[in-house]
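Undergrad: Sharing a model prediction with you, sequence too.
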Amino acid sequence: MKIIVNGDELVLAEAINVDQLLASQQVEMANYVTVQINDEWIDRENFAATLLKDGDQVEFLYFMGGGRA
């Protein structure tokens with residue numbers, strides 16, 4: 001099956017969940033990543049239960065604080 005991750009095509013041998021995708025992509029600081037699939041936000045508590053499907057478009061988004069003190 002094929003999915004798109006942050007704009008790049010990824011071919012998977014079998015369906016995986018969001019947690020497994022984060023691990024397979026060696027995402028650093030996975031606790032700080034927000035995941036969007038097909039323009040829908042996925043709650044962190046649903047990562048293990050959310051299976052990816054052929055053609056899904058996945059975005060990993062990092063929200064960083066900053067600014068002036």
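TA: Everything's here; your move.
Undergrad: Pretty sure L22 sits in a strand.
TA: No. According to DSSP: H, G, I helix; E, B strand; the rest coil, L22 belongs to no strand; its state is helix.
Undergrad: quick one, what contacts it?
TA: By Cβ atoms under 8 Å, 6 or more residues apart in numbering, the contact set of L22 is 30, 33, 35, 47, 60. Heads up, the C-betas are built off the backbone N, CA and C, glycines and all.
Undergrad: Out of those residues, the closest to N17 would be?
TA: F47 (6.6 Å; Cβ to Cβ).
Undergrad: Please give me every residue in contact with the closest one.
TA: Per Cβ under 8 Å, 6+ apart, neighbours of F47: 17-19, 22, 35.
Undergrad: Next: W41.
TA: 34-35.
Undergrad: Figure out the helix or strand that it lives in.
TA: Assessed by DSSP states H and E, W41 sits inside strand 40-42.
Undergrad: Check which residues of the helix or strand of the chain with the lowest mean pLDDT are buried.
TA: Among the helices and strands of the chain, strand 57-62 carries the lowest confidence by mean pLDDT, DSSP states H and E, at a mean of 93. By 16 or more other Cβ atoms under 10 Å, the buried positions in strand 57-62 come out as 58-60.
Undergrad: who does that strand pair up with?
TA: The strands beside strand 57-62 in its sheet (DSSP bridges) come out as strand 2-5 (parallel), strand 33-37 (antiparallel).
Undergrad: before we move on, the earlier item: make TSV out of the buried residues of strand 57-62 and add distance to Q26.
TA: As requested, the buried residues of strand 57-62 are arranged in TSV below (distance: Cβ to Cβ, whole Å):
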residue	distance to Q26
V58	15
E59	17
F60	11
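Undergrad: how many neighbours does Q20 have?
TA: 16 (other Cβ atoms under 10 Å).
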